[in-house]
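Peer 1: the sequence and its predicted three-dimensional model are supplied below.
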There are 2 protein chains.
Amino acid sequence: MNNFTYDIPTKVYFGEYQLGHLGPELKNYGKKVLLTYGGGSIKKSGLYDKILEEIEKAGLELFELSGIDPNPRVASVNAGAEICRKEGIDVLLAVGGGSVIDCTKFIGAAAYHEGDAWDILTKKVTVEKCLPIITVLTLAATGSEMDAAGVISNPDTNDKIGMMFPVMRPKVSFLDPTLTYSVNQYQTACGAVDIMSHIIEVYFQTDQDLYMLDAVMEGLMKTVLKYGPIAMAEPENYEARANLMWASSWAINGFIRGGKRHAWSCHPMEHELSAFYDITHGLGLAILIPRWMDYVLNGETAGRFYQFGVNVFEIDAGLPEMEVAKKSIEKLKAFFFETLGLESTLTEIGIDDARFGEMAEKAAKLGATKHGFWPLTAGDIEKIFRMCL
Amino acid sequence: MNNFTYDIPTKVYFGEYQLGHLGPELKNYGKKVLLTYGGGSIKKSGLYDKILEEIEKAGLELFELSGIDPNPRVASVNAGAEICRKEGIDVLLAVGGGSVIDCTKFIGAAAYHEGDAWDILTKKVTVEKCLPIITVLTLAATGSEMDAAGVISNPDTNDKIGMMFPVMRPKVSFLDPTLTYSVNQYQTACGAVDIMSHIIEVYFQTDQDLYMLDAVMEGLMKTVLKYGPIAMAEPENYEARANLMWASSWAINGFIRGGKRHAWSCHPMEHELSAFYDITHGLGLAILIPRWMDYVLNGETAGRFYQFGVNVFEIDAGLPEMEVAKKSIEKLKAFFFETLGLESTLTEIGIDDARFGEMAEKAAKLGATKHGFWPLTAGDIEKIFRMCL
């Protein structure tokens, strides 16, 4: 068991009608607010007006950056950073899902960097300062509202890179489950996969674990299994939306990691899929994860799959270890492709093997996949991509 | 499901050999440190010397308050507060278990109050400021290392009162499982009960819950069931000590509460036992909790006991609800009195019914028991005390 530092100071207002706290919280950090958001959905839903009202009530000065894309691009980061520098922004207010929040984190960091924000993603500069960030979450998926990481794409180079700096962690996040009522079935399904994937990336470890955190992770995964389908069938089911929302934060804020060393395996692979084909992150993960599991399941790793099968899917503990392990993967496939109804192959979404070699090289080059639950070379990754066809 | 605010900013260094961070962390808050501790155990173990070394290395000025009792007394709080005011203390360093940390919290608060610290416990004054607190934990039990509450006794009036103020939450806590290797079997057992009790007080609620947090609580309780006996049999089992230590923090830091409204039931009753007879808190809880369960189990409450039985004790879910409910209480008794080997009745520890009436009146007067999982009057509480004979 390895040592670790736990340091997750994000304050969360959870529930409906909490926006009355937004103005005072923003005011704690200054007067000039840069509001960041994506397309027009927050205007359509009325959330934009409510936020403007709170900002006005608090006597704050508002600036805006809209049009942040899913798979957010470095161009948005640069545009935001320039506003921050030019206007002397004090605090960032990200309203949206993970894409908006991720982008805003790098805006906060890039505000202190005179050059291209992409230098941060390529590790040319280290982030030591970041403008304070407050978020209003509208999608339960990435957990960006409570973690210190973000992922940015560069379409010029087909790169999609994730980075983490403690100073980028949001100071305050507003989690109102009703704001996710309008998330459609498909995005709800992709969000459920994303939450599940963050737990799976940590749960599958060979390090000797804190059993306590295993139990917490199993509880979080069962939460997703239970409420993902309910939220799809009944979009305005508060209990389902609330459970998914709070689970999304705890799947990735760092708590469940507890000193585990292994790097993540499936995210680096999926980032190549999204970078080359701009697909939804959760869909890419749904297709990849079970094939990665098929590939890494062996005599050495079966124990962990057995525990996954018994404690998460309630498979009979009396069956042979390998049988339970295989069944657990089948159960996960059934959840992703039948219950959540997602496409199950890359072929179905129009992706062929034309660029698998190049993508696998890029994924391997980032280095993490060598240090995962089961070490993966570029060759391994290419094979896993092929299993997804 | 009720709204809530999550705000738990305590930073934790978890594991062995983390004390190198102590000096720099203290220094963040100033130069003058008041070290608080109990009897001489930290001198015997060598921890005292290690801490002094770190303080010296950081160039800090040291003051000391020792002799803080289990069930800490208001006299210690007043003594500590006087040192703080006289010496202009910048930061408090509590080294010990819950008693030392609880006492230190009220020292930090009372430093800003010129009168008797007992005024804080009787709600004559409200705590709005507290000196920053850093803790080094030596016992997995109360969770005081990460929460905002504390309990203080006043032997003159047979009062033992718990209070919670957000500003009293420790800034940084050092959790080194090896520091609990020297905790004896009996105290290890009482600590396990204390952790379990904090979860039970929240788990038994009639509010519509976040299932996700139920799952987390069930995982935490299973952690205690698994590792309590291991830590007793093998005091230097790192995995057992680590799991109990981290579970102790998460049982009470506020995370599992998630908007649940009901007040705690068993702690107000136990506080009377400890106040009148100065018994170990965990032992009092072990004797009380199952009798409270026997008393409040009925047609309306059985559902919660059923879930407890199935998910924590793995009782056959196919049995009738009331049967599972009753079995769950039997399982808990077996854990406390057989597995952990604790005394099972007040009679065994020399407490008779002489003062039950008075104790029940005092417990009821504090008000919380009216608003618990099942409302309790003074008459109910006296009956529960009698069931413990």
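Peer 2: Sure thing, it's come through.
Peer 1: what residues does the stretch 101-250 of chain A put near chain B?
Peer 2: For the stretch 101-250 of chain A, the residues in contact with chain B (Cβ under 8 Å from any Cβ of the partner chain) are A:208, A:210-216, A:218-220, A:222-223, A:226-227, A:238-239, A:242-243, A:246-247, A:250. From N, CA and C alone the C-beta is placed, and that goes for glycine too.
Peer 1: list buried members of those residues by neighbour count.
Peer 2: A:210-216, A:218-220, A:222-223, A:226-227, A:239, A:242-243, A:246-247, A:250 (16 or more other Cβ atoms under 10 Å in any protein chain shown).
Peer 1: which ones among the residues you listed map onto helices?
Peer 2: Among these, the ones falling in helices (DSSP state H) are A:211-216, A:218-220, A:222-223, A:226-227, A:239, A:242-243, A:246-247, A:250.
Peer 1: any idea how far the nearest residue to residue A:296 once chain neighbours are set aside lies from chain B?
Peer 2: Counting by Cβ to Cβ, 6 or more residues apart in numbering or on different chains, residue A:374 is the residue found nearest to residue A:296 once chain neighbours are left out, at 3.8 Å. Taking Cβ to the nearest Cβ, to the nearest Å as the measure, residue A:374 falls 23 Å from chain B.
Peer 1: need the three-state assignment for residue A:374.
Peer 2: Secondary structure state of residue A:374, per DSSP: H, G, I helix; E, B strand; the rest coil, is coil.
Peer 1: burial count for it?
Peer 2: Residue A:374 has 18 neighbours, counted by other Cβ atoms under 10 Å in any protein chain shown.
Peer 1: pLDDT score for it?
Peer 2: Here the pLDDT value assigned to residue A:374 is 95.
Peer 1: and what of the one 4 residues further on?
Peer 2: Looking at residue A:378, its pLDDT is 97.
Peer 1: contacting residues around it?
Peer 2: Taking Cβ atoms under 8 Å, 6 or more residues apart in numbering or on different chains, we find residue A:378 in contact with A:360-361, A:363-365.
Peer 1: between which two of those residues is the distance greatest?
Peer 2: A:360 and A:365 (9.5 Å; Cβ to Cβ).
Peer 1: more crowded one of the two?
Peer 2: With neighbours defined as other Cβ under 10 Å, residue A:360 and residue A:365 compare such that residue A:360 has more, 24 against 10.
Peer 1: okay, strands next: where are they in chain A?
Peer 2: Ranges of strands in chain A, per DSSP state E, are A:4-6, A:11-14, A:32-36, A:61-65, A:91-96, A:133-137, A:149-154, A:159-164, A:172-175.
Peer 1: which one of the ones you listed has the lowest average pLDDT?
Peer 2: strand A:159-164 has the lowest average pLDDT among the strands of chain A, namely a mean of 89.
Peer 1: and that one, what's buried?
Peer 2: Applying 16+ other Cβ under 10 Å to strand A:159-164 flags A:159-163 as buried.
Peer 1: show me what that strand is in contact with.
Peer 2: A:71, A:120-123, A:127, A:147-154, A:267, A:271-272, A:274-275, A:362, A:366.
Peer 1: spatially central, which residue of chain A would that be?
Peer 2: Note on chain A: the residue nearest the mean C-alpha position is residue A:142, at 2.4 Å, using Cα atoms, centre = their mean.
Peer 1: hmm, residue A:100 and that one touching each other?
Peer 2: No: in this structure, residue A:142 is not within contact of residue A:100 by Cβ atoms under 8 Å, at 10.1 Å.
Peer 1: ok so, going back, any idea how far chain B is from the residue nearest to the centre of chain A?
Peer 2: 17 Å.
Peer 1: cool, and residue A:252?
Peer 2: On the measure of Cβ to the nearest Cβ, residue A:252 and chain B end up 14 Å apart.
Peer 1: with residue A:294 instead?
Peer 2: Taking Cβ to the nearest Cβ, one finds residue A:294 at 27 Å from chain B.
Peer 1: show the contacting residues for that residue.
Peer 2: Contacts of residue A:294 by Cβ under 8 Å, 6+ apart are A:329, A:387.
Peer 1: can you name the residues bridging to the residue nearest to residue A:52 when sequence neighbours are not counted?
Peer 2: Sequence neighbours aside, residue A:62 is the residue nearest to residue A:52 in space, at 7.0 Å (criterion: Cβ to Cβ, 6+ apart). Listed beta-bridge partners, residue A:62: residue A:33 (assigned using DSSP bridges).
Peer 1: and residue A:62, how far from chain B?
Peer 2: Using Cβ to the nearest Cβ, residue A:62 is found at 25 Å from chain B.
Peer 1: burial count for that residue?
Peer 2: Residue A:62, neighbours per other Cβ under 10 Å, totals 13.
Peer 1: likewise for residue A:170?
Peer 2: Residue A:170 has 26 neighbours, counted by other Cβ under 10 Å.
Peer 1: contact partners for it?
Peer 2: Per Cβ under 8 Å, 6+ apart, neighbours of residue A:170: A:10, A:94, A:101, A:105, A:133-135, A:144-146.
Peer 1: give me the sheet partners of the lowest-mean-pLDDT helix or strand in chain A and which way each runs.
Peer 2: Least confident helix or strand of chain A, by mean pLDDT, DSSP states H and E, is strand A:159-164 with a mean of 89. According to DSSP bridges, strand A:159-164 has the following sheet partners: strand A:149-154 (antiparallel).
Peer 1: ok now the strand it pairs with, how far from the chain's centre?
Peer 2: 11 Å (Cα atoms, centre = their mean, to the nearest Å).
Peer 1: same question for stretch A:179-196.
Peer 2: In terms of Cα atoms, centre = their mean, the centre of stretch A:179-196 is set 12 Å apart from its chain centre.
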